[in-house]
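> quick one, what's the 3D model for this:
(one chain, ligands or ions: 2)
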Amino acid sequence: MNAVAQPIRLFGTAYGRKPATHDATLTEVGPGTPCGEFMRRYWHPVGLSERVTMERPERVRILGEDLILFRDRKGRPGLLYPRCAHRGTDLFFGRIEDEGIRCCYHGWLFSVDGQCLDQPCEKNGGEHRGKIRQPWYAVQERYGIVWAYMGPPEKMPLLPRWDILEDVAPGMKLHVTHSSLYAGGDDDVELVPCNWLQEWENVMDPFHIPVLHTSFSGVQFVPEMGVMPDVQWEYTDTGVRYSAYRKLEDGREVDRVTAAMFPYVRMVPNVQLRHGAASGVGWVVPVDDTTLRLCFAMKIPESENALPRSPNLRPWSKMTPAERQRFPGDWEAQVGQGPITLHGEEHLATSDKGVGMLRRSLLQQIKAVQQGRDPAGVIFDPAQELVRVEAGNFFRDVAK
Ligand code: FES
Ligand SMILES: [Fe+2]
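Numbering: from 1, shown residues only. Ligands and ions are numbered 1, 2, ... in the order given. Model (predicted):
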């Protein structure tokens, strides 16, 4: 018997759909990958200075590499490959000393830059110890953050300064954190289980604000954010920026300027739509291909101890699964795209223009590195060391 012709209502079923794919070039960050090599041309926040103690080393995973971060008893931070150069024991179990970290197994001692300083089981502390080098990365501290350079030594740029993090006024302080609050999590959660690009490109997606944050889940920020914005995106020398214009019900007009800068910097103004420049800057640090960790540095009053948050947001880790379904936020939206979103299944629309621009310019930078050029935003000239953070909510007539 012949099959009956398919009724039209079965068009577009999930059966037989094409295998799903992600764009590996844009998302994967391990050593030797195109994006990983691009990333390795910048400085990365690998830890908070206050947590890097002289007591015990801590594990750091970044760009798909497992490393050991510690501070020797002279106060110098060090970032080493974890497997001891002798026979591979994990330096996480090492002991910190004045000059470095000593492996627990046979006591080889390594300085913060990987030099082997002592081999106690060998004659005279190891007559050939000078030939041994534990793989290491260069680190610097600034703004209470430990930064690492993990790329080719001859390409190491200057560690940037950020204008809004300089000159902390009396009564204010710099607050640095790995809180996932601005990824829809909260201060008790640091690792976000999705690819870094999902989080970073969300910075260029102003249209989710009136939906996800202002109507779908109630008002997560402030009601004024519910006005559908008129958005202008533009390429900058170091990434992509948009200005979202809103005319509010009371007649006030505001331009909300947000920028994404390579390799994964986010410059986002306050979500309460208060007038003024952003007070901090954030980094969407790829831990590996399917995990990210935010790092934020922000000026806040000395009396405070956390990132400013919307009073409307409940701590994410306290919410039940049912509450997360009723009141989804950025976590549900971006982690909900999967460990690495399936670009092959997407249907980008006009409101995704910023996302498209960001991906295109990211690809250009990745290719630039592949072709032997320096990517945008790496700084070699000390005169350009200070980076301007241009984000903010700018009311056109502040007096209104
Ligand atoms: S394995 Fe580290 S000293 Fe032997
Ligand atoms: Fe958001």
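> so where do the helices sit in the protein?
Ranges of helices within the chain are 24-27, 34-39, 196-202, 208, 321-326, 330-335, 353-370, based on DSSP state H.
> could I get those as CSV with mean pLDDT?
Conversion of the helices of the chain to CSV gives the following (pLDDT from 0 to 100):
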stretch, mean pLDDT
helix 24-27, 98
helix 34-39, 98
helix 196-202, 98
helix 208, 96
helix 321-326, 96
helix 330-335, 98
helix 353-370, 98
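> between the ones you listed, which one is nearest to ligand 1?
The closest of those to ligand 1 is helix 34-39. By Cβ to the nearest ligand atom, the value is 27.9 Å. (Each C-beta comes from the backbone N, C-alpha and C, glycine too.)
> could I have that closest one exported to PDB, CA atoms only?
These are the backbone C-alpha positions of helix 34-39, laid out as PDB (Å, rounded to 0.1, in the frame of the first residue of the first chain):
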ATOM      1  CA  PRO A  34      42.900  30.000  15.700                       C
ATOM      2  CA  CYS A  35      40.900  31.900  18.400                       C
ATOM      3  CA  GLY A  36      43.200  30.500  21.100                       C
ATOM      4  CA  GLU A  37      46.300  32.000  19.400                       C
ATOM      5  CA  PHE A  38      44.400  35.300  18.900                       C
ATOM      6  CA  MET A  39      43.500  35.300  22.600                       C
END
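> would you convert the helices of the chain into TSV that also reports distance to Tyr81?
Shown next, in TSV, are the helices of the chain (distance: least, Cβ to Cβ, whole Å):
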stretch	distance to Tyr81
helix 24-27	24
helix 34-39	16
helix 196-202	22
helix 208	40
helix 321-326	38
helix 330-335	30
helix 353-370	23
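> check contacts around whatever residue of the stretch 301-400 of the chain ends up closest to ligand 1.
Distances from the stretch 301-400 of the chain to ligand 1, computed as Cβ to the nearest ligand atom, single out Pro339 as the nearest residue at 34.1 Å. Contacts were defined as Cβ atoms under 8 Å, 6 or more residues apart in numbering; by that measure Pro339 touches 193-195, 289-290.
> any idea which of the helices of the chain is most buried?
Ranked by mean neighbour count under mean count of other Cβ atoms under 10 Å, the helices of the chain are led by helix 196-202, which reaches a mean of 26.
> contacting residues around that helix?
Residues lying outside helix 196-202 but in contact with it, judged by Cβ under 8 Å, 6+ apart, are 26-27, 29, 183, 192, 208, 260, 264, 266, 284-287, 292, 294, 330, 333-335, 337, 340-341, 354-355, 358-359, 362.
> to Ser303, which of the helices of the chain lies closest?
Closest to Ser303 of the helices of the chain is helix 330-335 (Cβ to Cβ; 27.6 Å).
> beta partners of the spatially most central residue of the chain?
Taking Cα atoms, centre = their mean as the criterion, Val284 is the residue nearest the geometric centre of the chain, at 1.1 Å. Taking DSSP bridges, one finds Leu294 as the beta-bridge partners of Val284.
> what does the stretch 201-350 of the chain put close to ligand 1?
Taking Cβ under 6 Å from any ligand atom as the test, the list of the stretch 201-350 of the chain residues beside ligand 1 is empty.
> residue contacts, Glu249?
When contacts are counted by Cβ under 8 Å, 6+ apart, Glu249 touches 224, 227.
> mind pulling up the pLDDT for it?
In this prediction, Glu249 carries a pLDDT score of 93.
> ok, now Met1?
pLDDT for Met1: 53.
> go on, the one 5 residues further on?
Note for Gln6: predicted pLDDT of 62.
> roughly how far does Asp66 sit from Glu345?
Counting by Cβ to Cβ, to the nearest Å, the gap from Asp66 to Glu345 is 32 Å.
> also Glu332?
Taking Cβ to Cβ as the measure, Glu332 and Glu345 are separated by 18 Å.
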